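Q: Give the three-dimensional model of this entry:
(one chain, ligands or ions: 1)
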Amino acid sequence: MSNEVKRDGFGSKIGIIAAAAGSAIGLGNIWKFPYITGENGGAAFILVYLICIALIGLPVMVAEFTIGRRAQKNAVGSYRTLGSGGPWFLGGFLGVITAFIILAYYGVVAGWTIKYVIFSLGNNFSAMNTGEISELFGDFISRPVEPIIYQIIFMAFTSFIVFFGIKTGIERASKILMPLLLVLILLLDIRALTLPGASAGFNFLFKPEWSRLSATGVLEALGHAFFTLSLGMGTMITYGSYIRKKENLVSTAFSVTIADTVIALLAGLAIFPAVFSFGVEPGAGPGLVFVTLPQVFNQITGGYFMSIFFFILLALAALTSSISILEVVVAYLDEEFKIKRHVATIGAAAVITLMGIPTSLGFGKMSGVTLFGYNFFDAYDKLASNFLMPLGGLVAALFVGWGIKWDIVEDELTNGGELKGKVTLVAIKIFKHTIRFIAPVAVLIVFLYKLGAFNAIIA
Ligand code: PFF
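A: Alright, predicted model coming up:
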């Protein structure tokens with residue numbers, strides 16, 4: 001049996017976009033994007049983030065799809081096959097390690113969203129003011145046991161879906177759920193933008209004040225472009241390997257990138273007007289969404305039901321992302337070591353869950369313990385998002401731009417010459433320059449800028 005027939009794959013065009021968008025759209029858009037935007041001063045940060053998405057994220061996604069679909073293998077196997085045994089496979093290996101780190105803390109926050117479904121069901125926020133809602137959040141995440149139980153529940157769901165393979169679980173779930181989430185966010189936008197004092201939030205999002213942006217902010221914007229598009233860690237290589245040969249990779253990547261960016265911006269529009277209207281600190285950190293949105297629900301007729309529904313969808317959006325992270329590890333163990341899928345899934349999920357426990361305890365009992373000067377949660381996040389993922393993306397860009405023959409790339413992007421439309425051909429030309437020069441140089445510049453390499457010039 002040929003490899004292609006044997007591999008489980010996405011069954012339809014919409015299935016691929018839904019699954020890849022399901023991976024991209026998750027806590028990164030609705031939880032992380034708003035809080036790091038708040039911490040980094042708003043609009044100027046968003047502009048840098050959008051530039052990173054367009055110049056680096058989109059081309060790297062095309063590159064990762066190309067690698068995966070060409071090689072028909074997991075992240076490590078793909079580099080190994082196309083790189084003819086050279087050191088490129090280390091790029092895939094880096095991805096597998098990054099997957100462990102990210103899912104460790106992602107599972108913790110996803111667990112919080114399950115608890116918020118339960119809070120919503122119990123109508124817990126309805127009579128609360130800003131201070132009380134914020135206390136409720138702080139009290140919950142600092143508990144030693146409960147958040148870990150929710151983390152375990154979430155990881156069990158994730159394993160369950162990965163366990164049963166690609167097509168059925170992922171595809172069906174994403175197709176229905178993501179559009180629903182969009183509708184709910186739009187409703188929240190409308191309410192948030194009509195709150196008293198909402199314009200301050202709007203300005204915060206769209207009027208850049210460059211003085212608020214630091215070198216760290218620029219690095220965070222770059223890191224978040226990778227995080228939100230699920231890049232630089234083999235996810236889109238692995239998913240690319242499941243994309244059928246007749247799909248257009250460039251347009252698929254484009255659709256996913258647009259969907260992801262729109263959801264993030266709409267989430268910001270739901271949150272910041274409320275942040276300013278209710279007097280929440282924009283830089284409040286990981287609790288921002290959990291403290292702000294319950295108050296918006298309090299202001300909406302039917303907010304009780306919307307809040308339940310919203311947190312269920314948020315948990316599910318997290319699920320369609322977490323399965324894509326676990327899939328990187330499982331596909332690797334399955335294909336490279338012939339470890340049975342269910343053993344690989346359960347084993348990897350167990351290790352990842354254990355790795356996540358200190359990040360949860362870091363909000364309470366272990367709050368004094370630091371790693372490189374950060375609590376566990378920030379240490380994992382900053383290491384993975386701001387360093388490992390951009391590095392993984394850099395490797396993918398260099399590999400596709402320079403490491404393999406351009407003929408191969410072009411063949412893959414035109415589906416063996418089948419796609420001859422002008423738009424596709426122009427897009428491929430632009431892609432060639434971006435992936436060879438602009439994306440790698442931009443990542444290097446941000447790294448060097450953060451390291452202070454340009455201080456002498458700027459000062
Ligand atoms: N892109 C996801 C989000 O924004 O929530 C998170 C993520 C998924 C990161 C898959 C990395 C990944 F490989």
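Q: give me the number of residues near Y49?
A: 27 (other C-beta atoms under 10 Å). Every C-beta, even on glycine, is put in place using the N, C-alpha and C of the backbone.
Q: Thought H224 was touching it, still the case?
A: Yes - shown here, Y49 and H224 form a contact pair, counting by C-beta atoms under 8 Å, at 6.0 Å.
Q: what residues does this protein put near the ligand?
A: Contact residues (C-beta under 6 Å from any ligand atom) of the chain with the ligand: 23-24, 26-29, 102, 227-228, 230, 233, 235, 321, 324-325.
Q: give me the element G41 is part of.
A: In the assignment (DSSP states H and E), G41 maps to no helix and no strand.
Q: Next one, pLDDT for it please.
A: Note for G41: predicted pLDDT of 96.
Q: Now, the residues of the chain next to the ligand that are in helices?
A: Among these, the subset assigned to helices under DSSP state H consists of 23-24, 27, 102, 227-228, 235, 321, 324-325.
Q: Go ahead and confirm I352 touches V330.
A: No - contact criterion C-beta under 8 Å: I352 and V330 do not qualify, at 11.0 Å.
Q: Which residue ranges of the stretch 51-200 of the chain form helices?
A: 58-71, 75-82, 89-121, 130-142, 146-163, 172-193, 198-206 (DSSP state H, counting those that start in this stretch).
Q: burial measure for V423, as a count.
A: For V423, the count of nearby residues is 11 (other C-beta under 10 Å).
Q: average pLDDT for the helix or strand where it lies?
A: Taking DSSP H and E as the definition, V423 sits inside helix 422-433. The average pLDDT within helix 422-433 is 97.
Q: That one packs against which elements?
A: In this structure, helix 422-433 makes packing contacts with helix 249-278, helix 406-413, judged by 3 or more C-beta pairs under 8 Å, 6 or more residues apart in numbering; DSSP states H and E.
Q: Return the set of buried residues in that helix.
A: 424, 427-428, 431-432 (16 or more other C-beta atoms under 10 Å).
Q: I'd like to know which of those is nearest to L413.
A: Taking C-beta to C-beta as the measure, L413 lies nearest I428 of those, at 5.2 Å.
Q: correct me, but the closest one touches D411?
A: No - using C-beta under 8 Å, I428 is not in contact with D411; the gap is 10.7 Å.
Q: how near is the residue nearest the centre of the chain to F202?
A: Centroid-nearest residue in the chain: T228, 3.2 Å away (criterion: C-alpha atoms, centre = their mean). Distance, T228 to F202, by C-beta to C-beta, to the nearest Å: 22 Å.
Q: what's the spacing between V423 and the ligand?
A: Distance, V423 to the ligand, using C-beta to the nearest ligand atom, to the nearest Å: 27 Å.
Q: brain fart, G303
A: Taking C-beta to the nearest ligand atom, one finds G303 at 25 Å from the ligand.
Q: which residues touch that residue?
A: 296-297 (C-beta atoms under 8 Å, 6 or more residues apart in numbering).
Q: redo that, cut-off 7 Å
A: F297 (C-beta atoms under 7 Å, 6 or more residues apart in numbering).
Q: what pLDDT does it get?
A: 94.
Q: what's the answer for I458, then?
A: 62.
Q: Likewise for A173?
A: A173 is given a pLDDT of 69.
Q: Let's have the ones in helices among the residues of the chain next to the ligand in CSV, adding pLDDT.
A: Converted to CSV, these look like this (pLDDT from 0 to 100):
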residue, pLDDT
S23, 93
A24, 96
L27, 98
I102, 98
F227, 98
T228, 98
T235, 97
S321, 94
S324, 93
I325, 97
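Q: Now the two most distant members of those.
A: Pairwise over these, using C-beta to C-beta, the maximum falls at L27 and T235, 14.5 Å.
Q: Of the two, give the one with the bigger neighbour count.
A: The neighbour count for L27 versus T235, taken as other C-beta under 10 Å, is higher for T235 (29 against 24).
Q: which ones are touching the nearest residue to that one once chain neighbours are set aside?
A: Nearest non-adjacent residue to T235, counting by C-beta to C-beta, 6 or more residues apart in numbering: S324, 5.0 Å away. By C-beta under 7 Å, 6+ apart, S324 lies in contact with 23, 230, 235, 239.
Q: If I follow the layout properly, the third one ends up in contact with V328?
A: This points to T235. Yes - T235 lies in contact with V328 (C-beta atoms under 7 Å); the separation is 5.5 Å.
Q: The helices of the stretch 51-200 of the chain: lowest mean pLDDT?
A: Among the helices of the stretch 51-200 of the chain, helix 172-193 scores lowest, at a mean of 87.
Q: Show me what that one is packed up against.
A: helix 13-24, helix 249-278, helix 288-298, helix 303-337 (3 or more C-beta pairs under 7 Å, 6 or more residues apart in numbering; DSSP states H and E).
Q: Residue of this protein nearest the ligand, please.
A: Closest residue of the chain to the ligand, C-beta to the nearest ligand atom: G28 (2.0 Å).
Q: The nearest residue to that residue once chain neighbours are set aside and I46, how far apart?
A: Excluding the flanking residues, the one nearest G28 by C-beta to C-beta, 6+ apart is T228, at 4.2 Å. As judged by C-beta to C-beta, T228 and I46 stand 12 Å apart.
Q: returning to what we had before: and among the helices and strands packed on helix 422-433, the most buried is which?
A: Mean neighbour count (mean count of other C-beta atoms under 10 Å) peaks for helix 249-278 among the helices and strands packed on helix 422-433, with a mean of 23.
Q: for the record, mean pLDDT for that one?
A: According to the model, helix 249-278 has a mean pLDDT of 97.
Q: If I take it and helix 303-337, what angle do their directions form?
A: For helix 249-278 against helix 303-337, the angle between stretch directions is 140 degrees (axes from the mean of the first three to the mean of the last three C-alpha atoms, to 10 degrees).
Q: deepest of the helices of the stretch 51-200 of the chain, which one?
A: Taking mean count of other C-beta under 10 Å, helix 58-71 is the most buried of these, at a mean of 28.
Q: Check what contacts that helix and list those residues.
A: Contacts of helix 58-71 (C-beta under 7 Å, 6+ apart): 77-78, 81-82, 229, 231-232, 236-241, 243, 249-250, 252-254, 256-257, 393, 396-397, 399-400, 408-409, 412-413, 431, 434-435, 439.
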